[in-house]
Each structure stands twice: as structure tokens, then as C-alpha cells.
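[1] Provided below for reference: sequence and predicted model.
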2 protein chains.
Amino acid sequence: MAEVKLLGFWYSPFSHRVEWALKLKGVKYEYREEDRDNKSSLLLQSNPVYKKVPVLIHNGKPIVESIVILEYIDETFEGPSILSKDPYDRALARFWAKFLDDKVTAIVNTFLRQGEEQEKGKNEVCEMLKVLDNELKDKKFFVGDKFGFADIAANLVAFWLGVFEEASGVVLVTSENFPNFCKWRHEYINCSQVKESLPPRDELLAFYRARARAPK
Amino acid sequence: MAEVKLLGFWYSPFSHRVEWALKLKGVKYEYREEDRDNKSSLLLQSNPVYKKVPVLIHNGKPIVESIVILEYIDETFEGPSILSKDPYDRALARFWAKFLDDKVTAIVNTFLRQGEEQEKGKNEVCEMLKVLDNELKDKKFFVGDKFGFADIAANLVAFWLGVFEEASGVVLVTSENFPNFCKWRHEYINCSQVKESLPPRDELLAFYRARARAPK
């Protein structure tokens, strides 16, 4: 078994969080694409509670939950820090990563569900965008001037959210409504740490279009 | 302003998580009880996103979200470690803390809501208890032999859950259904790090009885 193995989905922002962290650290790893409808026994054994990707396997031991994996990577491997060394900045980064993760259900409901669930989701996503728009005024990254933990966690809203909007036809973000967020997003997608690590937008769009149409 | 100040509710497991961590580290702090219906301007300014307790204020800087605060306390103050020094054990502790936090909505719905929300909550809480019962077989604490991060996060299920059951009349835990969980809970509540830090059970019960009866 390779020393570092990642089980993921090519279209998942959570898998990409882990890939970005490994790349940032310069860690060599073996990537194994999982099949959503036929998960490998390695995945099922490695993450018996959730049975979900991403799973990082390091020296045979599984680590699960993308945010937990980011902390593990930062603490285990040499290379540039993902979290700042300053405890207060670390707390800020963890706060924003948790804030973003707490909105995942609302994002899924907004773009992949219908009816009441979708309406509730939309309201929550708009509230989230308001908070982010306020926070990101004149900011390049979430904490300090350095791309790091919260920014990696923000890949969902920085890149995937726009794909979800286009795939579903539910558009919430405009530069009139959320100007700071839009400016931040544009710079984020084009920053050196991100632009080479994004999955192909057209393929992602086709994938999520099919999921938005598929029966739930 | 005192160097370390904690804004909390006496009945909140999340506030108590922070108190337990501060006590474990031997940190002196000023505790300020907040009024749920009339939150202080200090609380509102310190946690503008959620407007919730607990908030730790250290040298004038606010830190919010109980799990984020636990990490901050561990990284900032001398004293016994809350998280292990080993990255894999740290990942396990963070996984269980996140697992427990992800069930908070289901727990609230089970014991403080009615109808469909409550039924959905009950199912999710029973699933959670199954996972915990399986994990806690022959275990004194979540990770290794030492009371720490995940155990502090588990105060909600170890103590408050039983109070919620008694207050609401919705009983899910029996020693027949979840024997390992019950054994763990009994030992947990009586361990030296916990038993002196629990709020008075009768007062807590009266408080949650009133909330279970109150209109939502």
C-alpha cells in the first residue's frame, strides 16, 4: 500500500479540499476514484460511520472528514503551513471553516431539492452570502494575507456554488447583491494556489446538470 | 477587563465544555451569565454571526464556537493537554467531537419539538446511539485512556441527554438497547474530571421541563 492514499470523487469539493492540502504540502499520494453507486470495500471499512469520501489513508490508518483531514495533514507533513502558527488566527480559520461546513445541507437543499426544503435552503444560503459578503470586504483570503485552512474549506462557495447555480438554474449570487463576495471569488479562482487545482468546469457542469435532473 | 472572560448560560452543555477545559488547564477566568432574552452588548459584539454563547474573551479578543474555543485553550494555556500530541489520536478526537456536534439539531428536535421534526430527530438520535454504543464497548474515554477533547464534547450525550429525556418524557436510552453506552455514561459522570463540574441535576431538570412545556 502506498504511504498516502486518497479515496475521493473527482467532482466533490470535499475531496478537492484534501487534494489541495496535499499539493500545498508537496505530499506525494495515490488517488483512487470511488464509484458512488458501488463503493469499494476499502472505503466502507475505512469510514464505517459515514461511508463517505474523502478518506485519507496514511500508513494503513484511515482519517475521515475533510476538515479533520486538513488538520492531520498540517500536523503530519513538512511544507508550508495550512493553519497559521498564531492561536487566535487558527481559531478564526477554524470558525470560518465550521461556518462554511454548517451551510452544506442548506446548499444541497437549494440546488438539488424542491419545494419547502428548497425555499428554506435558499433563505439560509442568502443569509450565508450576506455574512460572507460582509466579512470579505477588501479581503484576499479569510485570515491574514495567506491562502490557508479557511480558504481551502471555502472551495465549495468559491467555485462549486457557481456551478450549482448554472446546473440548477437557481441563481442567488449577483454582483449587485453580493459585490464583495463576487470580487473575492474572482480573485480566489485565479490565485496561484487554486487555478491549477480546479476540476474542469464544463465536465463538472455536465455532471451536476445530470444530478439536478435526476429523480431524488 | 479580566484577562480571560467567559460568557455563558449555566444550563448549556456548550458553555460547560469551555468551563471544563479552563478548569482542566487551571486557567483563572471571570464567568458572566448571559440572559437568553436580553443578551449583553458584549455578547452581540463578540459573536455577531451567531449571537450565541459560549464566547471566550482573551485579552479583549473574542473566540466563539465551543469546539474552536477548546482548541484555542489547548494551544494557548499551559497545563494538561486536552488533545493528545499524536496527530492520529488528535484526528480521532476531532472526528468524534464533530460527530457529536453534527447531532445537535436532531437532539433538539427530539426533545423540544413535536410531530414530523420530532420523529425524524428520534430516528437520527437512535442511529447516533447505535454508533456510540458500538464505539464505546469497553472504553473509558473516546481516545486512549485519557479524558480529553472528545470526552468534553460528549458532555451533551453523557449528562444532558438523560436530563432531556426526563424533562420531555421521550425516553430512548435503556440499558437493554444501549448497554455499552449506559456503562460508559455511568463511569463518565462519576469520573474525577466530570463529577465536580456538573451543574445541579435538579435545577437543570426544572429548567428543561419548563422549556419542554413552553410554546415553540
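    All right, it came through fine. Since this is a predicted model, take the numbers as computed values, not measurements. Residues are numbered from 1 along each chain as shown, chains lettered A, B, ... in the order given.

[2] Show the contacting residues for A:Ala210.
    Going by C-beta atoms under 8 Å, 6 or more residues apart in numbering or on different chains, A:Ala210 touches no other residue. (C-beta placed from N, C-alpha, C; glycine too.)

[3] how about the helix or strand encompassing it: buried residues?
    Per DSSP states H and E, A:Ala210 falls inside helix A:201-213. For helix A:201-213, a neighbour-count test (16 or more other C-beta atoms under 10 Å in any protein chain shown) marks A:Leu204, A:Phe207, A:Tyr208, A:Ala212 as buried.

[4] Now do the lengthiest helix in chain A: which elements does it pack against?
    Ordering each helix of chain A by length in residues (DSSP state H) puts helix A:115-135 first. Judged by 3 or more C-beta pairs under 8 Å, 6 or more residues apart in numbering or on different chains; DSSP states H and E, helix A:115-135 is in contact with helix A:87-101, helix A:104-112, helix A:179-189.

[5] Now the element after that helix, going C-ward?
    The helix or strand immediately downstream of helix A:115-135 is helix A:149-153, counting by DSSP H and E.

[6] Show me what that next one is packed against.
    Other helices and strands packing on helix A:149-153, by 3+ C-beta pairs under 8 Å, 6+ apart, are helix A:13-25, helix A:66-76, helix A:87-101.

[7] mind giving me TSV with these and columns for mean pLDDT and distance to chain B?
    TSV is the format used below for the helices and strands packed on helix A:149-153 (pLDDT from 0 to 100; distance: least, C-beta to the nearest C-beta, whole Å):
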stretch	mean pLDDT	distance to chain B
helix A:13-25	97	13
helix A:66-76	98	4
helix A:87-101	97	4
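
[8] any chance of these in JSON lines, plus mean neighbour count and distance to A:Val194?
    Below are those laid out as JSON lines (neighbours: other C-beta atoms under 10 Å in any protein chain shown; distance: least, C-beta to C-beta, whole Å):
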{"stretch": "helix A:13-25", "mean neighbour count": "22", "distance to A:Val194": "8"}
{"stretch": "helix A:66-76", "mean neighbour count": "23", "distance to A:Val194": "15"}
{"stretch": "helix A:87-101", "mean neighbour count": "22", "distance to A:Val194": "15"}
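
[9] who touches the closest residue to A:Glu117 other than its chain neighbours in this structure?
    In this structure, A:Glu117 finds its nearest non-sequential neighbour in A:Asn109, 4.6 Å apart by C-beta to C-beta, 6 or more residues apart in numbering or on different chains. Shown in contact with A:Asn109 (C-beta under 8 Å, 6+ apart): A:Glu117, A:Gln118, A:Lys120, A:Gly121.

[10] what about the residue nearest to A:Gln193 when sequence neighbours are not counted, how many residues close to it?
    Excluding the flanking residues, the one nearest A:Gln193 by C-beta to C-beta, 6+ apart is A:Phe147, at 4.6 Å. When counting by other C-beta atoms under 10 Å in any protein chain shown, one arrives at 21 neighbours for A:Phe147.

[11] One more: the one 4 residues further on?
    By other C-beta under 10 Å, 24 other residues sit near A:Asp151.

[12] so it sits right up against A:Phe141, yeah?
    Yes. A:Asp151 is within contact range of A:Phe141, at 5.1 Å (criterion: C-beta atoms under 8 Å).

[13] Tell me how far the lowest-mean-pLDDT helix or strand in chain A lies from the chain's centre.
    In chain A, no helix or strand scores lower on mean pLDDT, DSSP states H and E than helix A:192-195, which sits at a mean of 88. The chain centre lies 14 Å from the centre of helix A:192-195; the measure is C-alpha atoms, centre = their mean, to the nearest Å.

[14] got it, and stretch A:165-173?
    Counting by C-alpha atoms, centre = their mean, stretch A:165-173 is centred 18 Å from the centre of its parent chain.

[15] Stretch A:121-133 too?
    Offset of stretch A:121-133 from its chain centre (C-alpha atoms, centre = their mean): 17 Å.

[16] ditto for stretch A:20-32
    For stretch A:20-32, the distance to the chain centre is 15 Å (C-alpha atoms, centre = their mean).

[17] what's the first-to-last distance across it?
    In stretch A:20-32, first residue to last residue: 15 Å (C-alpha to C-alpha, to the nearest Å).

[18] What residue spans form the domains of chain A?
    Here the domain parsing of chain A from the TED database is A:4-76, A:87-213.

[19] Can you give me the neighbour number for the nearest residue to A:Lys51 once chain neighbours are set aside?
    Leaving aside its sequence neighbours, A:Lys51 sits nearest to A:Leu44 (C-beta to C-beta, 6+ apart; 5.7 Å). When neighbours are counted by other C-beta under 10 Å, A:Leu44 registers 10.

[20] Now name the helix or strand holding A:Leu44.
    Using DSSP H and E, A:Leu44 sits in helix A:41-46.

[21] Partner strands of the helix or strand just after that helix and their direction?
    Where DSSP H and E defines the elements, the next helix or strand beyond helix A:41-46 is strand A:55-58. The strands beside strand A:55-58 in its sheet (DSSP bridges) come out as strand A:4-8 (antiparallel), strand A:61-64 (antiparallel).

[22] Contacts for strand A:55-58, please.
    With C-beta under 8 Å, 6+ apart as the test, strand A:55-58 has contacts from A:1, A:3-7, A:18, A:42-43, A:46-47, A:62-64, A:69, A:72-73, A:76, B:88.

[23] for stretch A:77-94, same thing?
    Contacts made with stretch A:77-94 from outside it, assessed by C-beta under 8 Å, 6+ apart, are listed as A:21, A:24-27, A:70-71, A:73-74, A:142-144, A:146, A:148-150, A:152, B:58, B:61, B:63, B:65, B:67-69, B:71-72, B:75-76.

[24] switch the cut-off to 6 Å
    If you take C-beta atoms under 6 Å, 6 or more residues apart in numbering or on different chains as the criterion, stretch A:77-94 is touched by A:21, A:24-27, A:74, A:143-144, A:148-150, B:61, B:63, B:68, B:72, B:75-76.

[25] Then stretch A:13-20?
    The contact list for stretch A:13-20, computed with C-beta under 6 Å, 6+ apart, reads A:6, A:8-9, A:53-54, A:56, A:66, A:69, A:152, A:155-156, A:160, A:197.

[26] Report the distance from it to the chain centre.
    Averaged C-alpha coordinates place stretch A:13-20 at 6 Å from its chain's average position (C-alpha atoms, centre = their mean).
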